[in-house]
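here is my input, please return the structure:
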Amino acid sequence: YQRRVRDGRALDLLLYENNVTFIGNCHADTFKCIEMQTGRPWTFQIDLYGICAVVHNMLHNSDMQVVSEESLKNRSRRGSSSISSSSTSSISKWRPKAPYRRYHEAREIWEKLFDELLNIPDCNPRSFPDIRSIRKSFEEFLLSKSQRLAELQRILLKLPNQLSNLKYKETH
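Coordinates of the predicted model:
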C-alpha cells in the first residue's frame, strides 16, 4: 500500500483569458506532464498525465516513469543503458517505462489510453483525446464476457473492506 497524499494545487482557469497556456512545472516529479518535462506549453495535459499516473500505479504498484521512443532508439543504437534528456524530442512518442505484463488482458486498450493521454501535440482543445471513446473501449471490453463483469463486481464489493483494513493498519 502506498499512501497518495500530495499538496493540493490547482489553477482556476476562470481567472485567466481563454486559450491561456502555462509554462513551468509543478515540482512534483511523478506528476510532471510531458510538456513540463520538455519545456512546452501546457493546459489540461497535467490532468491527463495525472490520470495516467494513477492508472499506472494501479497496474504496476509503482510511480510512472515515462520514456520517449526516440530515446529508446538512441539508446539501442549506442548500446547504452542511460537515457540522455538532450536526446529526447518534444515531438517523440512517449510511453510508460514499465512494460505491460503478459496477463494484462486489455493490453491494447491500456496502450491506447497511455498513448493518447501522454502524446498530445499542442494546447489546442481539438488536439485533446476523446476520453469518451477510451471509456467506451473499456466498457466494451468489460461487457464482452460475463465473467469479466462478474469478477469486477466481486472485486468492487470487497474494496470497502480492504480499504478500511488499510486505514486501520495505517493508524495503528
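
going forward, measure contacts and count neighbours with C-alpha atoms only.
Fine.

in the chain, which spans are strands?
Along the chain, counting by DSSP state E, strands occupy 66-68, 94-96.

switch those strands over to a markdown table; also include distance to Thr43, mean pLDDT and mean neighbour count.
Shown next, in a markdown table, are these (distance: least, CA to CA, whole Å; pLDDT from 0 to 100; neighbours: other CA atoms under 10 Å):
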| stretch | distance to Thr43 | mean pLDDT | mean neighbour count |
| --- | --- | --- | --- |
| strand 66-68 | 19 | 94 | 19 |
| strand 94-96 | 18 | 95 | 21 |
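
could the ones you listed be laid out in TSV, adding distance to Tyr49?
Shown next, in TSV, are the strands of the chain (distance: least, CA to CA, whole Å):
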stretch	distance to Tyr49
strand 66-68	10
strand 94-96	11
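
spatially central, which residue of the protein would that be?
Centroid-nearest residue in the chain: Cys52, 1.3 Å away (criterion: CA atoms, centre = their mean).

where's that residue relative to Lys32, distance?
According to CA to CA, to the nearest Å, Cys52 stands 11 Å off from Lys32.

again, but for His56
Distance from His56 to Lys32, by CA to CA: 14 Å.

same check, this time on Ser164
Applying CA to CA to Ser164 and Lys32 gives a distance of 31 Å.

okay, those two: which has more neighbours?
Using other CA atoms under 10 Å, the more surrounded residue of Ser164 and Lys32 is Lys32, with 20 against 11.

which residues touch that one?
With contacts defined as CA atoms under 8 Å, 6 or more residues apart in numbering, Lys32 is in contact with Asn25, Cys26, Ile46, Tyr49.
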